[in-house]
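K.L.:
Sequence and predicted structure are below.
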Amino acid sequence: MRFQSAELEALALSNDELELLQQDHNRLANLERLRNSCGTILTQLDETEPSVRSQLARFADELAELSGLDANLIDAAETIASALIQVDEGVTALRGYLDDLDLDPDSLQQVEQRLGAIHDTARKYRVRPEALVERQQSIQQELQTTENAGEALEQLEQQVREQRERYFEAAYRLSKKRRQSGKRLAAEISQAMRQLGMTGGRFDVELAPLEADDAGASGLERVEFMVSANPGMPLAPLNKVASGGELSRISLAIQVATSSCTETPTLVFDEVDVGIGGGVAEIVGQMLRRLGSSLQILCVTHLPQVASQANQHLQVRKQSDRKSTRTDITPLNLNQRIQEIARMLGGVEITPQTLAHAEEMVRQASEAETGIVIGAAE
């Protein structure tokens, strides 16, 4: 492209040069005809007798004299007089043209050589001769764009370096905060797990470093939750070692530990009470109640210690006949809640003592405002 630009620049074709060259070529190629014809016209106009000019002069003088006899001839006399003036001007112009007419035989050759160079270049670039100037400008613009692209590329590379530095600065800060927060979070969740009946349970936050090329929006490490649900068991990824009930309790422990910063409006817990009872079940209910003070909690439970902590109670009952099975969900009022919790405490036969116990459990739990909706499944 640089060679093309240099070649066209060396041709040095201006915007109107081609048109002027073609005009010169037409003139020089017909020089003899121009000289002979213009000489003949000049001779007829002024150099023979009677010439056109001498006759016009005689006609003008005679009409001027006649217009004194008849005013109707004044316009004709003036027109002929004006024509005489124009003939004089034409004669002067023709004499000047013939005097200046270039008779140099090399002039035609020079013009033809120049036109030949222009047409050869146009064929080379596959454009019309009239488009060569535009083609040269286009190549120059492309070259300028290419040069600017190089500068732009350098600027972009510099921006990439700067953004990379900013990224790693932010990523290192994130890694530091992850290490600090991970230890604190692991300790709080481990404590909550033990309170939920997972004796010896441990929770840890593992930060696995990534290769620099693998680093992304999530930082310089892969974060994985590790858990040991039982004493003596090694830590393993949470999704590989926890059963359904354990996963619910670990999830509850995580939610309790992160309740101050969670943005989830509703949490659902299913089988959170599997394998627990007594005091641990009551702790589970209390944890759910505390979460319910800032979130909406939906929990499916079989334990009265958990169900009694709710401020709303939905009874879930499965109904079957010979043709179909359906599940009914019934909202319970306060008395119905006490009856249902008593049933969960004592079975089919509800004694006064069981009923009193259920009423006491509901009364104690209702002293705290909650946002829990708990369904007791049969």
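P.N.:
Happy to help now that I have it.
K.L.:
what ranges do the helices span in this protein?
P.N.:
Secondary structure of the chain by DSSP state H: the helices cover 2-11, 17-29, 31-42, 52-66, 74-100, 105-124, 132-195, 238-241, 244-257, 278-292, 304-307, 334-346, 352-366.
K.L.:
Buried residues of the fourth one, list them for me.
P.N.:
This points to helix 52-66. Val52, Arg53, Leu56, Ala57, Phe59, Ala60, Leu63 (16 or more other Cβ atoms under 10 Å). Glycine gets a C-beta too; all of them are placed from N, C-alpha and C.
K.L.:
Show residues contacting it.
P.N.:
Under the contact criterion Cβ atoms under 8 Å, 6 or more residues apart in numbering, helix 52-66 has outside partners 44-46, 73, 76-77, 80-81, 83-84, 87-88, 91.
K.L.:
And the average pLDDT for that helix is what?
P.N.:
Regarding helix 52-66, the rounded mean pLDDT is 92.
K.L.:
Let the chain start at 28 from now.
P.N.:
Will do, 28 is the new start, and the previous item becomes helix 79-93.
K.L.:
what's the angle between it and helix 58-69?
P.N.:
Calculated by axes from the mean of the first three to the mean of the last three Cα atoms, to 10 degrees, helix 79-93 forms an angle of 30 degrees with helix 58-69.
K.L.:
Next, count neighbours for Ile107.
P.N.:
Close neighbours of Ile107, defined as other Cβ atoms under 10 Å, add up to 19.
K.L.:
where does the stretch 128-277 of the chain dip in pLDDT?
P.N.:
Scanning the stretch 128-277 of the chain for pLDDT under 70 picks out 130, 269-272.
K.L.:
quick one: Gln83 from Ala110, how far?
P.N.:
I think there's a mix-up here, since residue 83 is Leu and not Gln. Taking Cβ to Cβ, to the nearest Å as the measure, Leu83 falls 6 Å from Ala110.
K.L.:
now swap in Glu192 and tell me
P.N.:
90 Å.
K.L.:
try Ala239
P.N.:
When Ala239 is compared with Ala110 (using Cβ to Cβ), they lie 97 Å apart.
K.L.:
the more surrounded of those two?
P.N.:
Applying other Cβ under 10 Å to Ala239 and Ala110 shows that Ala110 carries more neighbours, namely 14 against 10.
K.L.:
do you know how far the more buried one is from Ala120?
P.N.:
From Ala110 to Ala120 the distance is 15 Å (Cβ to Cβ).
K.L.:
same thing with Arg205?
P.N.:
Between Arg205 and Ala120 the distance, using Cβ to Cβ, works out to 97 Å.
K.L.:
Neighbour count for the two, which is higher?
P.N.:
When neighbours are counted by other Cβ under 10 Å, Arg205 and Ala120 differ, and Arg205 comes out ahead with 17 against 12.
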